[in-house]
Structures are given as C-alpha cells and as structure tokens.
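1. give the three-dimensional model of this entry:
(chains A and B)
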Amino acid sequence: MFGEYSLADLSSIFVMQGFAGLILFSVYVLMALGLAIIFGQMGVINMAHGEFMILGAYVTYLCSGFFQTHLPSLFGAYFFIAMALAFLASGALGMLVEWALIRHLYKRPLDTLLATWGLSLILQQAYRSIFGPREVGVELPSWMMGSIPVTDSIEVQINGLFVIAVTTVITLGVALLIYRSRFGAQIRAVMSNRPMAGAVGIDTEKVDRYTFGLGCGIAGIAGSAFTMIGSTGPTSGQLYIVDTFLIVVFGGAASLLGTIASAFSISQTQSTLEFFLSGSMAKVLTLLAVVGILMLRPQGLFTLKVRR
Amino acid sequence: MTSPIQSLSKAVTVNDNPFMKPMEWVSLALLAGVVLVVLPLALDGFRLNLVGKYLTYAFVALGLVICWGYAGILSLGQGVFFGLGGYCMAMYLKLEASSVENTKIQSTPGIPDFMDWNQITAIPWFWQPFKSLPLTLLLVVAVPVAFAFLISVAMFKRRVGGTYFAIITQAIAAILTILIVGQQGYTGGINGITDLRTLHGWDIRTDSAKVILYFVNGGLLIGCILMAQYVKRSKLGRILVAMREKEDRVRFSGYSVAGFKVFAFCLAAAFAAVGGAMFTLQVGFMSPSFVGIVPSIEMVIYAAVGGRLSLFGAVWGTLLVNYAKTSFSESFPDLWLFGLGALFIAVVLAFPNGLAGLWREHVEPRLFRKAKGLTPTPTPVLPAHGAPAE
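-> Coordinates of the predicted model:
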C-alpha cells in the first residue's frame, strides 16, 4: 500500500491529508459541540440537529446575497455578521422547539428521538420549498480564497484555516461559558440534580430552554462555517447526523474534552484512509471501528466520575 | 399520572392467561378477512401487488411491537434486517436469472450482469450458498438473526440500552448502506439487485404468480402475528414488559435481562427478514434504499401509528401510513414530508399508543359498554415508557 511512494511523498501526503482532516475535524467539532450540550448535558436526542445546522448555512447564503447586492463595500466582513445571525436564527428556532415540543418529552428520550425526526422532515421540506431542491453555495470574499504554500509539495487553503480558527474560538468560548460563567454553573447544576437546583432558586425550565437554544445556535454557526468548504442542500444536514451522534457517544457524553478528542480521532482516521481507499470504504472502516470500540467500551473515551 | 401506555399494559396483567382474548380473535378474523378475502376481491392486480408490498413492511412493524413496545428496545436499524433478508432472496433469484444462456452477451457468461460490468469474473464466495434454494430459505432468516444476535449480545451484555442502542443501530444501518453502495461489483451498488425472473423455475413476474405470492405473504404475516401473540402471552412476554418498566428489579429477581433482550431483538430481526424476502419476491428487486436510516426510522413510525403495543394495530398502521404515502405523494409530493413529519410529532405528543390506543380508549368502551369482562380493571401505575441509557 505504501510501496509506490517515496518517504518525502508519504510525509507530504500525511500532512495534506492531516490538514484536510483538520477541516473535517473543525466542522465535526462545531456540530458535535452543540449536540454534546443537548445530548450530553440534557439527555435529549435531537435528530433535527443537522437541520439546525443547515438553517445556519442558509442564513449565511442569504447574507452573502444581501451583501453582494446592497453592501458590496462591506462584503469582506459579511461572514462575521452572517455567523452571528446564524447563531441567533438557529438559537431562536431551538428555543421555540424546546418550548413547543421538547419540554413535554424530557421523561421519554426515545419518543424525543421520533418527534425530532419528524421535525427534521418538516424542516427539510420547508427548506426545499423555500430555497429549492438544488444545492446552493456562497460567494467567498476574495481574502478567503487561494492557499498558502508551506513547502514545495504542501499548501494550505485559507478558507480551511479560517474554519479552524473559528472552531478554536467557538470551542474556547463554549468551554468558558460552561465551566466559568454563572449561566454555565446553572446549566451544570440543573443537569446533575434537577430538583436540588430548583430548590436553590434556579429557574430550571428557563435554563433548559436556553441550553437547548445554545446548542442549536452553535449548530447554526457550524452550518455557517460549513458553507465555506461545501455547498448546502435541503438534506445536507442528514448526512452528518449519524457521524455527529457517534462522535458525541464515542467521546463519552457530557464530556466536552471527550467530544473534541473523538472528533479529532474520527476525522483524522477518515481523511487518512480516504487517500488510500475509496471514500466509501474509508467511511465504512472508520464507522465500524467506532461502533466496535463502543461495543467494547460503551461509556466512550472520557467519562465523568459521578455518583448515580 | 396515568398515560395511555399504562392503561394498555393491562393487556398483559390479566390473571387467567388464555392464548387470545375474545376481542383479539375478532381482530384476527377481521384482519385475516380483509387481507385474504376483501382486498384480493376488491383490488386489481397492480393495487393488490402494492398492498402486498405494504404488508411486507408490516412484518417489520410486528417485530418492532415486540422489540420496542414490549421489551422497550428501540431499534433504528430494522431496515438492516429487512434488507439482509431481501438481499439473501435477491441473490438466489439473481443467480438463477444469470444462467449461461441468459447472459451470453457478457464477457463472462453465467455471472450477474453488474459483476460483469465491474470486471469481476467469478462468483464471489459469499454468493456461493445462494445457488441452492433450501439453503437460501434458511439463510434468509439465519443471516439477519445471526447479525442481530452479534449486535445485541455485544450491546446488552454490557448493559447498553435505550438511546445508545438506538444510535448504534442507526449507525449500523448507515454503515451497511454505504458498504452496499460502495461495493458495486459484489452488491449491485445503488441500483441494487434488479431484473429478477424466476424462483426455482417458476416465473415470479406473471400476474398469477403475483397473486399467489400475495397470499403466501398474507399467510406468513398471520403466522408471524400468531407467533408474536404467543410470545406476548407467554411468561416471556410478561418478563419483557417487566424489564421495560423496571429493568433492575427483573435483574435482581434473578433473570438474565440481556438474554431476554437478545431474544426480543432477534425475533424482531427474523420477522423483518421474512418481510424483506417477501418484498424481493413480490416487487422483483432489492436496493440499498430499503436498508438505510430513512426507511428504518419510517418503519418505526408504522408501528407507532398503529400502536406500539398492538400487533394488529401495527399491521393496520403500516397499511394506513403507506396508503397515505402513496396517495399523497402521487397528488401533493411537497405536502407528504410535512404530513409525515407532523405524524411523527403527533403520534408522540398526542396519541402515544397509536390507532390501537385510540380504539381501545374511545371506540371499544362505547361499543361494548355492557359486555362483561371488557371493563378496565385498575392497574398499578408504572413509570413512563423508555428505558434509561446504560
């Protein structure tokens, strides 16, 4: 399998595939972060998570069109505004869904799964009716195009670097929010012991709603970042939902560090294998490995030591 | 709090334990009458074949009633077993259709056409057993059940359950689909295995063959219902319910919880496999579009709409949802997904016991207000449905 490549070629291949893996890793982390909050912290299975992500992507698409026609001078900076809007749109929809649907089902996790699947079908059809069945892409500002040559055989794309930077910032932000802020303390309190948190004066219903909204909002940002490296269609979200759930489960639910570690290992394995095998076999082997490991170690890579 | 689920669980808490209650005999007679008499008389060949196709999904829904409704194990991968059963059947039929005379124009005659297109020159080893009909009929059930056994033993022995199990089964459905699509030369790829002609020399494409297959399908379905009814009524069925409601207590009473779960999951897989094989025979092809995540979760909604605790309800639910799907997507294709999505949400929020629950709560009391033995007896309040993870 390695025979026909020289050593220098091989190292370049690994670096390039590693970089491609890093971009995949970034998207996975952004998607899985939202899900880790919703599934890991709240125990809610949100099958419509991919559709919240796609909402963010469509918001970015609309922003790109709006800036091109009305504010071409600010086009270079539209991405930051689009991301904020994507967060707000997905977050607002998430809070609405929590209020209308999820809060009635906290005691029936399997039913939540079916209900959110129904929601995802409705959202997909809504996207199809509004934006058409074809995939749409956004116009990248000029500074984001092109690539930086590192050595003769290695070069990195700027949009990829940008996605990685965005992921780093968002991840740090979420970690600070959950582990350092007052709101984060409330989230963790409600998730570890709901009646007790209520007894000390935390409005648990409000915390639930904002937590769900936060998770969905991060999915929106993920969708926004996703537009930079791929096009968006009504069913794009569904393609990622299984991978994302596996990442969260593999990392050990309720552990942000585990989520990041598992997103890293899965994306790197997949992109490295993709070079040597066909894309589908790379995916099959990666997912099989994950399922196999989960069967041996169901609690995932990292676990919180809690008394149940 | 009394949810409809709890009021339905009285079905298994009666003191005397006959095989079927009078009402269930009526339901069985009604179903058998409609499926085996009314529909064949009322529908033309094309529509009857369509109903036959729907009824193959009812096998999956039946399995889900036992596995999900009674044992509390939600599997989002039933399409895997439906597909494996269907593929096993399709491989036999394809080998028979690819005789040397039929495939003279190929560069390697005597192998399936898609293998020839993919430069494969010999029949691969895992196709070999499907040259024999008895072996195929055995493997149609054995392969999916063995696969289900492997998955469920690995998961349930480690006490993985609930939502985790659902996610893993879904991942397996995704993996199998990608694998089948990717390995075009061995599986027929995205198109599946098509152009199936004869079953042991008997042409399955003729109208008369389709009618016969419909009745075979209907008979098998009734057989599966009786088998599921037997499981449901037996002591085993009670243990399944007990496990669903309080797994730890069953374990502390000395039962091997994992073993019972494995049994329920394998039984559901076997039903799904029979359905898949009958699907291949009646529809004439098998493709990965019946294996993946989307069909698997749609099969769950059939059981949910019919009533996750009712065997007959599951069959009616399957027929109804598929009828709605066909008629809606013919006239308003855009509305169908909205309708299906709304159905998912409604069945969870508004009527968690599906049609059977509505019937039992609203229609039956009115019909049989004075009949003795059918008045509800109070049952102890049990916690809400859904086993906790791990």
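2. run through the residues that contact B:I123.
-> By C-beta atoms under 8 Å, 6 or more residues apart in numbering or on different chains, the contact set of B:I123 is B:95, B:111-112, B:115. Bear in mind the C-beta positions are built from the backbone N, C-alpha and C, glycine included.
3. so what's B:F82 closest to, chain neighbours aside?
-> In this structure, B:F82 finds its nearest non-sequential neighbour in B:G276, 4.0 Å apart by C-beta to C-beta, 6 or more residues apart in numbering or on different chains.
4. with B:A258 instead?
-> Among residues not flanking B:A258 along the chain, B:F156 sits closest, at 4.0 Å (C-beta to C-beta, 6+ apart).
5. show me what contacts that neighbour?
-> Shown in contact with B:F156 (C-beta under 8 Å, 6+ apart): B:257-258, B:261-262, B:265.
6. name the element it belongs to?
-> Per DSSP states H and E, B:F156 falls inside helix B:133-157.
7. from the chain's centre, how far out is the very next helix or strand once past that helix? Work that out for me.
-> Counting by DSSP H and E, the next helix or strand C-terminal to helix B:133-157 is helix B:162-182. With C-alpha atoms, centre = their mean, to the nearest Å as the basis, helix B:162-182 stands 16 Å off its chain's centre.
8. now stretch B:176-184
-> For stretch B:176-184, the distance to the chain centre is 22 Å (C-alpha atoms, centre = their mean).
9. is any residue of that stretch near chain A?
-> Yes: residues of stretch B:176-184 contacting chain A under C-beta under 8 Å from any C-beta of the partner chain: B:178-179, B:181-182.
10. what's the PyMOL syntax to select whichever of these are buried?
-> Those of these that count as buried under 16 or more other C-beta atoms under 10 Å in any protein chain shown are selected in PyMOL with:
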select buried, chain B and resi 178+179+181+182
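11. chain A: which of the residues of stretch B:176-184 next to chain A is nearest?
-> B:G182 (3.1 Å; C-beta to the nearest C-beta).
12. which strand or helix spans the nearest residue to that closest one once chain neighbours are set aside?
-> On the basis of C-beta to C-beta, 6+ apart, the spatially nearest residue to B:G182 that is not a chain neighbour turns out to be A:S280, at 3.1 Å. For A:S280, the element it lies in under DSSP H and E is helix A:279-296.
13. before we move on, the earlier item: what's the average pLDDT for the helix holding B:F156?
-> Throughout helix B:133-157, pLDDT has a mean value of 93.
14. what do you get for stretch A:238-254?
-> On average, the pLDDT along stretch A:238-254 is 82.
15. just the closest residue of the stretch 51-200 of chain A to chain B, please.
-> A:G118 (2.5 Å).
16. against B:F165, how distant is that residue?
-> 21 Å (C-beta to C-beta, to the nearest Å).
17. now swap in A:G160 and tell me
-> Relative to B:F165, and taking C-beta to C-beta, A:G160 is found at 36 Å.
18. A:E205 too?
-> Applying C-beta to C-beta to A:E205 and B:F165 gives a distance of 29 Å.
19. looking at those two, which is more packed in?
-> B:F165 (25 against 13; other C-beta atoms under 10 Å in any protein chain shown).
20. for the stretch 1-150 of chain A, which segments count as strands?
-> For the stretch 1-150 of chain A, applying DSSP state E, counting those that start in this stretch gives strands covering A:147-149.
21. for it, which residues are neighbours of chain B?
-> Within the stretch 1-150 of chain A, the positions lying close to chain B (C-beta under 8 Å from any C-beta) are A:43, A:45, A:101, A:104-105, A:107-115, A:117-122, A:124-126, A:128-129.
22. list buried residues within the residues you listed.
-> Counted by 16+ other C-beta under 10 Å, these give A:43, A:45, A:101, A:105, A:108-115, A:117-122, A:124-126, A:128 as buried.
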